[in-house]
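Peer 1: predicted coordinates and the sequence they were generated for:
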Amino acid sequence: QVQLVESGGGLVQAGGSLRLSCAASGRTFSSYPMAWFRQPPGKEREFVSFVGRNGDNPLYADSVKGRFTMSRDNVKNTLHLQMNSLKPEDTAVYYCAARTVSTVAYYTAKAYELWGQGTQVTVSS
């Protein structure tokens, strides 16, 4: 089983950039498809991006497509989310997650049983 720890959140002005990281412990990181979710204040957790085991062709929510880039390094056991052109509506706690339920759609939180503790991203207008 893998343990996940996010970092890189913070306060940034609209139009700015942040790079989130997710460090995974254990030798099995490369066996998990991975995702980023976020939970805005007072709202449900929502899908941000997903990548398969080999890191090819990440998938994105429409709201972040063209602004966010997800990548993974299976040698360093890390996951990244480069966030550019940030908007106030990107304000949320961001979570990385390892997919453990293959019978549920990848953009659904129920497909993931392994989660990090989250990192706060605040975008000021």
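Peer 2: That came through fine. Numbering: from 1, shown residues only.
Peer 1: pLDDT value on the residue lying farthest from the centre of the chain, please?
Peer 2: Farthest-out residue of the chain from its mean C-alpha position, per Cα atoms, centre = their mean: S125, at 22.6 Å. Listed pLDDT for S125 reads 94.
Peer 1: please apply the same query to V51.
Peer 2: 98.
Peer 1: leaving out the residues flanking it, which one is nearest to it?
Peer 2: P58 (4.3 Å; Cβ to Cβ, 6 or more residues apart in numbering). Using the backbone N, CA and C atoms, a C-beta is placed for each residue, glycine as well.
Peer 1: could you do L86 as well?
Peer 2: With Cβ to Cβ, 6+ apart, the residue lying closest to L86 is V123, at 4.6 Å.
Peer 1: from the contact counts, what lies against the helix or strand containing that neighbour?
Peer 2: In this structure, V123 sits in strand 119-124 according to DSSP states H and E. On a contact count with 3 or more Cβ pairs under 8 Å, 6 or more residues apart in numbering; DSSP states H and E, strand 119-124 meets strand 10-13, strand 18-25, strand 92-99.
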